[in-house]
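# Fold the following and give me the result.
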Amino acid sequence: MARFPGRSWAPSDPGAAGSTSSSRSTGTVADSPGGRPHGRHQRSRTARPAPARGRSVAGQVFALQVVVVLLLVVAAVVALVVQSRNDARQEATNRSVAVAQTFAHSPGIVAALRSPDPTALLQPSAQSARINAHVDFIVVVDTDGIRLTHPNPDRIGHKVIGNYQPALNGQVVIEQVQGTIGSLVQAIVPVQAPNGQVVGAVAAGITIANVSSASERQLPVVLGAAAAGLALATGGTALISRRLKRQTRGLGPAEMTRMYEHHAAVLHSVREGVLIIGEDGRLLLCNDEARRLLGLPPDAEGRPLTELGLEPAPLELLADGRTVTDEMVLAGERLLAVNVRPTDRDGGPPGSVATLRDSTELLALSGRAEVAQRRLRLLYDAGVTVGSTLDVTRTAEELAQVTVGRFADIVTVDLTDEVLEGDEPPSGRTVLRMRRTALASVRDDVPFYPVGTVLEVAPSTPLAGALNSGLPGVEPRLAEAAGWREQDPEAAARVLAYGVHSLVRVPLKARGVLLGIARFWRSEREEPFEEEDLALAEELVAHAAVCVDNARRYTREHAMAVTLQHSLLPRSLPEQNALEVAHRYLPAQAGVGGDWYDLIPLPGARVALVVGDVVGHGLHAAATMGRLRTAIHNFSTLDLPPDELLGHLDELVNRIDLEESATGGSGAVTGATCLYLIYDPVARRCTVASAGHPPPALVRPDGSVVFPELPTGPPLGLAVLPFETVELEVAEDSRLVLYTDGLVEDRERDIDEGLELLRAALAGPLRTPEQTCADVLGALLPTRPQDDIALLVARTRGLPEGQVAEWEVPSDPAAVAGVRAAVAERLERWGLAEAAFVTELILSELVTNAIRYGTGPIKVRLLLDRALICEVSDGSSTSPHLRYAATTDEGGRGLFLVAQFADRWGTRYTATGKVIWTEQPLE
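Just a heads-up that it's a prediction; the model follows:
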């Protein structure tokens, strides 16, 4: 049915939209002629074309199409006439309401109504709007019902006739009246000020005849469309007929019948089952192959799938209707590959088509392929897992863990003691003793020797034969084999009673060396081991044997490096009274390194603390550390200041590098740091110099922690300028903490963060050096140290003033007697009167030499420590030398006598001269 444009003119105001009934009135607001109606032509649908020949099916269809078109045209004309009247009235109503509302809400109308001459302002705009909107009249009235505008100016100023009072109350009034110009529809709309007050009303109307004339003019269009439809149907039918002939290649009914017969023959002769299933789950079509594969009854077509006796798996796939691609299902003893596709994808009938392919022969092949895939996956996992660490025991455990449950139910790995200790297994000897290294099982109650058990191999058993020959072996049925029971008959009986029924044994052999044997047992699986399993076991064990041998070699080299390092580090620190010392050394997990620490007693009750680090790990780093530590001991006997000692050490490192470069070796020192500190318990001062090493931590007696600012020089071997020395005042009961960078720096934190953690660990109340070491390591030790850690904690002590005596000696030989007397008196006060004679003799010789060969000032100092120390200092830098005097010489025997009576003696240089010292035991 045609749709007239009047239906799209729906009023926007809710009141207007709701006013659909007509209101009868005896008067009209206006009776002037209105505008013209608007509308769109109806467009009818064309019928499907039919062929020209009436006798054919296409001709009959064409005739039917003609009849249908004619009936539709007649119905359309009748409906158009009936509906045009209703649409005309509705169109007039909609247009009147729309025009009235539009003019009532137009800008300036409220101001015009309140102006002194509303007509002068509103009449022109009302006439223009009437002409443009194609309505018969637009009349504006005031609140008293007086016309202010009208198409006929003579009627302006007269009272309106009609029911306008509801509009002044804010309502929209729609009326159908019989006026002088004919039947018309008028709408009265209130004009409201912004505050909601009604200041007037607007009436608009149009005659129904002007609207209905537009609808009646559509009848020729409908008849023309009908004629065009018939023409298009005729031409379309002819074109479609020609296209069908072209698509069927000119085949007639007989030819098409033969073609369908051939299709049916092909459908039933292919070796693939075909089923067409309807939307309701009924079987519509099936070929002979589908009947054979599924065992369908002769009357299967047309019956529901659930009544055909199908197996649950194929029934579920066929009845579900979902898309399936090569899904394997079992139907009786057949393995079927099923494909299901819907038939309504391209506009076809609802349902699905399924194809079945017999894949029973592929079942065995797929099973073997799956087994091969599992074995390849096991080999890959073993290659990734076994040998992840350089630990012999862990490698054996990894072999057992990766194969248990996937290849065997129980796995045992036995290795010789030499392999576990990292030694070279002796070649050419029968292995008669092994140790259980790894045991893995799918259950926990296995009746096998536990890990750590020593196995004595019986010479006549298959186990001994496999170890002697190095060849693998398989026992598919253990219950039928007797030789393996001779190893331990009671244990073999327990194994058989447990359910173990098959065994594969493969010796672990790498680089021509026999390391042990791996055995794989089955108890939960029913299938025994076969020759193919033996080949897989050989692959697994061959990889594991190489990993075990690598771990053994690493264990041997690591043990050698650790032994070398321990021999180079101090086994115990010498006893002394100046410091209470505790120390820790923790090697890195990656191997031995070049960190070291040392404590060296010096003359004058002083003590030297040393800590250093050689870059790198391994034997070379440990050997370099030993050379540097020995050099420091040698340089310390010269009693050099810290800066001079580090300078000599730097020269030594340079010489080592030159020697290695000249010989083409790879043992050059890539870097070494060192911190050298001398503590004097008499002066309570520290003298420190650093060669690229972190500064020491000083913990004061009040618990505060400071890191002294040191002029950190370059590492050893890279120095281009002299090292610098710093002196620090150290109160008694302070703690000096020396460490290597492995304690405060690693991959997860930088050195600044490590120093703050060290400060927090050291701060607090006083603790013993041992407790301090434990607290520091507990707070800073990484989970897996990547570098060596050396820690040295020393609590300072002072030498009491009562154990120190000092005199200044004039440059006069006569003063020697007074010094000897004062020394004898002090020794007697210390309870060392028996040592007075020897001490007087030593001091007499040293003071006389200082007066005769040295320069002032000359001082004598006695220190009572673990030994009696005598020191004579002067301002000269010349050092006396010990020599053997001839029988005719009058002098030269003084130092000889000093060396004979003193336990030790020597010379050290100071900033103002030199000091000659001697030590005498207190026994």
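# end-to-end on stretch 136-153?
End-to-end distance of stretch 136-153: 14 Å, with C-alpha to C-alpha, to the nearest Å as the criterion.
# gap between it and the chain center?
When C-alpha coordinates are averaged (C-alpha atoms, centre = their mean, to the nearest Å), stretch 136-153 and its chain have centres 83 Å apart.
# all strands of the stretch 501-650 of the chain, in order?
Using DSSP state E, counting those that start in this stretch, the strands of the stretch 501-650 of the chain run over 502-510, 513-522, 579-586, 593-602, 606-617.
# Looking at those strands, which is nearest to R485?
Of all the strands of the stretch 501-650 of the chain, strand 502-510 sits nearest to R485, with 11.5 Å by C-beta to C-beta. Placement of C-beta: from N, CA and C, glycine included.
# Describe which strands the closest one pairs with in its sheet and in which direction.
According to DSSP bridges, strand 502-510 forms sheet pairs with strand 473-475 (antiparallel), strand 513-522 (antiparallel).
# so which of these is the most packed in?
Mean neighbours per residue, mean count of other C-beta atoms under 10 Å, is largest over the strands paired with strand 502-510 for strand 513-522, with a mean of 24.
# picking up where we left off before, distance to P349 and mean pLDDT added to the strands paired with strand 502-510, as CSV?
Listed next are the strands paired with strand 502-510 as CSV, based on distance: least, C-beta to C-beta, whole Å; pLDDT from 0 to 100:
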stretch, distance to P349, mean pLDDT
strand 473-475, 62, 92
strand 513-522, 57, 92
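# how near is the residue nearest the centre of the chain to G778?
Residue closest to the mean C-alpha point of the chain, counted by C-alpha atoms, centre = their mean, is E748 at 17.3 Å. Note on E748: its distance to G778, by C-beta to C-beta, to the nearest Å, is 17 Å.
# what about the helices in the stretch 401-550 of the chain?
Applying DSSP state H, counting those that start in this stretch to the stretch 401-550 of the chain gives helices spanning 417-421, 462-469, 489-498, 531-568.
# let me redo that: the stretch 701-850 of the chain
Using DSSP H, counting those that start in this stretch, the helices of the stretch 701-850 of the chain run over residues 741-744, 751-762, 769-780, 815-829, 836-853.
# now the shortest one, how far from the centre of its chain.
So the one you mean is helix 741-744. With C-alpha atoms, centre = their mean as the basis, helix 741-744 stands 29 Å off its chain's centre.
# what about that helix, average pLDDT?
Averaging pLDDT along helix 741-744 gives 88.
# Ok, stretch 307-323 next?
Regarding stretch 307-323, the rounded mean pLDDT is 83.
# Also stretch 261-268?
Mean predicted confidence for stretch 261-268 is 74.
# Equivalent analysis for stretch 390-408, please.
Stretch 390-408 carries an average pLDDT of 92.
# Could you pull out the buried residues of that stretch?
Across stretch 390-408, burial judged by 16 or more other C-beta atoms under 10 Å covers 390-400, 402-404, 407-408.
# Identify the residue spatially nearest to the residue nearest to the centre of the chain, adjacent ones excluded.
In space, and not counting its chain neighbours, E748 is closest to P782: 7.4 Å by C-beta to C-beta, 6 or more residues apart in numbering.
# Could you tell me how many residues sit around that neighbour?
Using other C-beta atoms under 10 Å, P782 has 18 neighbouring residues.
# For it, give its distance to D746.
5 Å.
# most residues in a single helix of this structure, which one?
When the chain is parsed with DSSP state H, its longest helix is helix 57-104.
# and it, what does it pack onto?
For helix 57-104, the packing partners by 3 or more C-beta pairs under 8 Å, 6 or more residues apart in numbering; DSSP states H and E come out as helix 118-133, strand 137-141, strand 173-179, strand 182-192, strand 198-207, helix 208-216, helix 219-247.
# In contact with Q127, which residues are there?
Contact analysis of Q127 by C-beta atoms under 8 Å, 6 or more residues apart in numbering lists 138, 149, 151.
# Compile the strands of the stretch 501-650 of the chain into JSON lines and extend it with columns for distance to E651.
Listed next are the strands of the stretch 501-650 of the chain as JSON lines, based on distance: least, C-beta to C-beta, whole Å:
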{"stretch": "strand 502-510", "distance to E651": "47"}
{"stretch": "strand 513-522", "distance to E651": "47"}
{"stretch": "strand 579-586", "distance to E651": "27"}
{"stretch": "strand 593-602", "distance to E651": "19"}
{"stretch": "strand 606-617", "distance to E651": "16"}
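# Nearest to P342, out of these?
Going by C-beta to C-beta, the one of those nearest P342 is strand 513-522, 48.7 Å.
# Just the angle for that closest one relative to helix 531-568, thanks.
Using axes from the mean of the first three to the mean of the last three C-alpha atoms, to 10 degrees, one finds that strand 513-522 and helix 531-568 are set 130 degrees apart in direction.
# And the average pLDDT for stretch 897-911 is what?
Averaged across stretch 897-911, pLDDT comes to 82.
# and it, how far from the chain's centre?
Relative to its parent chain, stretch 897-911 has a centroid offset of 68 Å by C-alpha atoms, centre = their mean.
# ditto for stretch 690-702
Put simply, stretch 690-702 sits 40 Å off its chain's centre (C-alpha atoms, centre = their mean).
# buried sites along that stretch?
Buried positions in stretch 690-702, judged by neighbour count with 16+ other C-beta under 10 Å: 690-699.
# Surely A438 touches V411?
Yes. Contact criterion C-beta atoms under 8 Å: A438 and V411 qualify, at 7.4 Å.
# Show me which of these two is the more surrounded one.
Set A438 next to V411 and count neighbours by other C-beta under 10 Å: V411 wins out with 27 against 22.
# Could you check how far the more buried one is from A396?
Taking C-beta to C-beta, one finds V411 at 10 Å from A396.
# Common neighbours of those two, please.
Common neighbours of V411 and A396, using C-beta under 8 Å, 6+ apart, are A438.
# Residue ranges in the stretch 1-150 of the chain under the pLDDT threshold?
Scanning the stretch 1-150 of the chain for pLDDT under 70 picks out the ranges 1-61.
# how does it look with 50?
In the predicted model of the stretch 1-150 of the chain, residues 1-54 satisfy pLDDT under 50.
# Phi, psi for the residue in the chain sticking out farthest from the centre please.
Note on the chain: the largest C-alpha distance from the chain mean falls to D154, namely 92.4 Å (C-alpha atoms, centre = their mean). Main-chain dihedrals, D154, degrees, to the nearest 10: phi -70, psi -20.
# of all the strands of the stretch 501-650 of the chain, which lies closest to A824?
Nearest of these to A824, taken as C-beta to C-beta: strand 606-617 at 26.3 Å.
# C-alpha coordinates for that closest one, PDB please?
Provided in PDB are the C-alpha atoms of strand 606-617 (Å, rounded to 0.1, in the frame of the first residue of the first chain):
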ATOM      1  CA  ARG A 606     101.900  -1.900  66.400                       C
ATOM      2  CA  VAL A 607      99.700  -4.000  64.200                       C
ATOM      3  CA  ALA A 608      99.100  -3.900  60.400                       C
ATOM      4  CA  LEU A 609      95.600  -4.900  59.000                       C
ATOM      5  CA  VAL A 610      95.400  -5.800  55.400                       C
ATOM      6  CA  VAL A 611      92.500  -6.600  53.100                       C
ATOM      7  CA  GLY A 612      92.600  -7.000  49.300                       C
ATOM      8  CA  ASP A 613      90.800  -8.300  46.300                       C
ATOM      9  CA  VAL A 614      92.100  -9.700  43.000                       C
ATOM     10  CA  VAL A 615      89.700  -9.400  40.100                       C
ATOM     11  CA  GLY A 616      88.400 -12.700  38.700                       C
ATOM     12  CA  HIS A 617      88.000 -16.300  39.900                       C
END
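# what packs against that strand?
strand 593-602, helix 619-636, strand 672-680, strand 735-739, strand 789-796.
# Of all the residues in it, which ones are buried?
Residues of strand 606-617 classed as buried by neighbour count (16+ other C-beta under 10 Å): 606-614, 616-617.
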